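Participant: sequence first, predicted coordinates after that:
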Amino acid sequence: MTMESGNGRDTRNGRFLPGHRGSGGRPVGSRVKLSERFLADLHCKWVKHGGDVLERVVHDDPVAFAKIVSKVLPREFNAEIVNVNLSLFAECRNYAEAFRLARDYVADDAPRLINGDADDVD
């Protein structure tokens, strides 16, 4: 038999009991703040030293450079874009319209739903 302590935990093993609604844990945003600071520091160092470091890696360890490139590039991209009329993008009123237009060019052969009805496939 498990006994409940005042904080919703089993007194024998310290685990939360079933149905317990936790109150506590990491303060909201604390991890985000750390990540933001780290990324800001990383960006600062990259701006200052990034090009030089890459140049050294290319000459000193080309295998490491190839690994870096393979991590940055997408794993797979199966789209063929030919004869895109860029003037169409100038007519877009916002990012969402431009995105839909680009998506339509990339996935031109895929059937699309209109108004969410399966019967309305163009």
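Facilitator: That came through fine.
Participant: and R15, what does it touch?
Facilitator: Listed by Cβ atoms under 8 Å, 6 or more residues apart in numbering, the contact partners of R15 are R9. Heads up, the C-betas are built off the backbone N, CA and C, glycines and all.
Participant: tell me the spacing between it and R21.
Facilitator: Using Cβ to Cβ, to the nearest Å, we find R15 at a distance of 15 Å from R21.
Participant: and H20, what does it touch?
Facilitator: Neighbouring residues of H20 by Cβ under 8 Å, 6+ apart: 8-9.
Participant: check what pLDDT it gets.
Facilitator: pLDDT for H20: 71.
Participant: helix/strand/coil for it?
Facilitator: Per DSSP: H, G, I helix; E, B strand; the rest coil, the secondary structure class of H20 is coil.
Participant: list the buried ones in the helix or strand hosting L101?
Facilitator: Assigned by DSSP states H and E, L101 belongs to helix 95-106. Using 16 or more other Cβ atoms under 10 Å as the test for burial, helix 95-106 gives 101, 105.
Participant: CA-only coordinates of it in CSV, if you can.
Facilitator: The C-alpha coordinates for helix 95-106 follow below in CSV (Å, rounded to 0.1, in the frame of the first residue of the first chain):
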residue,chain,number,x,y,z
TYR,A,95,3.8,35.9,-47.2
ALA,A,96,1.0,33.3,-47.0
GLU,A,97,0.0,33.9,-50.6
ALA,A,98,3.6,33.7,-51.8
PHE,A,99,4.0,30.5,-49.8
ARG,A,100,0.9,28.9,-51.4
LEU,A,101,2.1,29.9,-54.8
ALA,A,102,5.5,28.4,-54.3
ARG,A,103,4.0,25.3,-52.8
ASP,A,104,1.8,24.9,-55.8
TYR,A,105,4.8,25.0,-58.1
VAL,A,106,6.7,22.5,-56.1
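Participant: pLDDT weak spots in the protein?
Facilitator: Counting by pLDDT under 70, the ranges of the chain that qualify are 1-6, 22-31, 77-84, 106-122.
Participant: longest helix of the chain?
Facilitator: When the chain is scanned for its longest helix (criterion: DSSP state H), the result is helix 30-60.
Participant: so the next helix-or-strand element following that one versus helix 30-60, what angle?
Facilitator: Heading C-terminal from helix 30-60, the first helix or strand you meet, by DSSP H and E, is helix 62-72. For helix 62-72 against helix 30-60, the angle by axes from the mean of the first three to the mean of the last three Cα atoms, to 10 degrees is 140 degrees.
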